[in-house]
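In: Test case, fold it:
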Amino acid sequence: MRQWFALKCTATLLLLGLLTACAQSPQILSVSPKVSGGFPHAGNGQSVSLEIVDGRKSSVIGTRSGTASATSTITVEANDVIPKIRAQAENALRSMGFNPTSQSGNGPSLTLTLAELDYMRGTAEQPLLGASQLQAIIQAEAANGGDTYTGRYTAKRSQSYALKPDWDTNNRMVSELLSNALDRTFRDQQLANLLAR
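Out: Just a heads-up that it's a prediction; the model follows:
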C-alpha cells in the first residue's frame with residue numbers, strides 16, 4: 001500500500017513537473033491578422049506599389065515568463081507574418097478603390113514597416129493574477145507625385161490571467177493586435193488622400 005501511495009505521489013509530481021515545463025516551453029506563433037474594413041474609399045482604380053518590411057530587431061517578441069529565458073520565448077517569424085500583412089494590406093487597398101501591385105513605377109507607392117511587435121510583462125489589477133502588455137507599431141510611408149506622408153500606428157492590449165496563456169490564446173491576441181494596427185493604418189484619411197492624388 002505504501003509503495004502504491006509513493007508511486008502515485010511520484011507520478012503526480014512528474015505530471016506537475018511536465019505541465020510546468022510545457023507551460024514555459026517556447027511558442028512559435030502563426031498569426032492571422034484580418035482587416036475589418038470601413039476604410040475611406042478614395043481611389044479610382046489607381047495602381048499602388050506596395051512593399052511590406054520587417055523592421056523589428058528580432059523575431060522574438062517576448063517571453064511568457066516576463067523575464068529573459070530561452071525556454072519561454074514567444075516568436076513571430078518574418079517569413080510567416082510579412083506575407084500575411086501584405087495580403088491584408090492588399091485587401092484594404094482594394095476596398096479603398098486602389099489596385100495594389102508589387103511593381104514599382106511612377107505612380108503612388110506605399111511602404112508598411114512592422115516597426116515593433118512586443119509581448120511584455122504587465123501589471124495585474126488584482127492579486128494572484130499575472131498580466132501581459134502587448135504592443136504593435138506599423139509605420140506607413142506613402143509617396144505620390146513628389147509628395148510624401150508618414151504615419152505611425154500603434155495598437156496596445158493589456159491582458160490579465162490566472163494561468164499563463166497557451167499557444168492558441170497568445171496566437172489570437174497577437175493576431176488581433178496586428179489587425180488593430182492595420183485597421184488604424186488604413187483608416188487614416190490623409191494617407192488615403194495622398195495615394196489618390
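
In: shaky segments in the chain?
Out: In the predicted model, the chain carries pLDDT under 70 at residues 1-24, 65-70, 128.

In: For it, just list every one of the helices.
Out: 2-23, 78-95, 167-186, 189-196 (DSSP state H).

In: nearest spatial neighbour of the residue nearest to the spatial centre of the chain, skipping sequence neighbours?
Out: Nearest to the centroid of the C-alpha atoms of the chain, with distances taken as C-alpha atoms, centre = their mean, sits L178, at 3.8 Å. In space, and not counting its chain neighbours, L178 is closest to P33: 3.8 Å by C-beta to C-beta, 6 or more residues apart in numbering. (C-beta placed from N, C-alpha, C; glycine too.)

In: Confirm for me that that neighbour is in contact with K84.
Out: Yes. Counting by C-beta atoms under 8 Å, P33 does reach K84; the two are 5.9 Å apart.

In: Which one of the two is surrounded by more residues?
Out: More crowded of P33 and K84, by other C-beta atoms under 10 Å: P33, with 21 against 17.

In: What separation do you get for the more buried one and T123?
Out: Noted for P33: a distance of 26 Å to T123, by C-beta to C-beta, to the nearest Å.

In: Thank you kindly, that will do.
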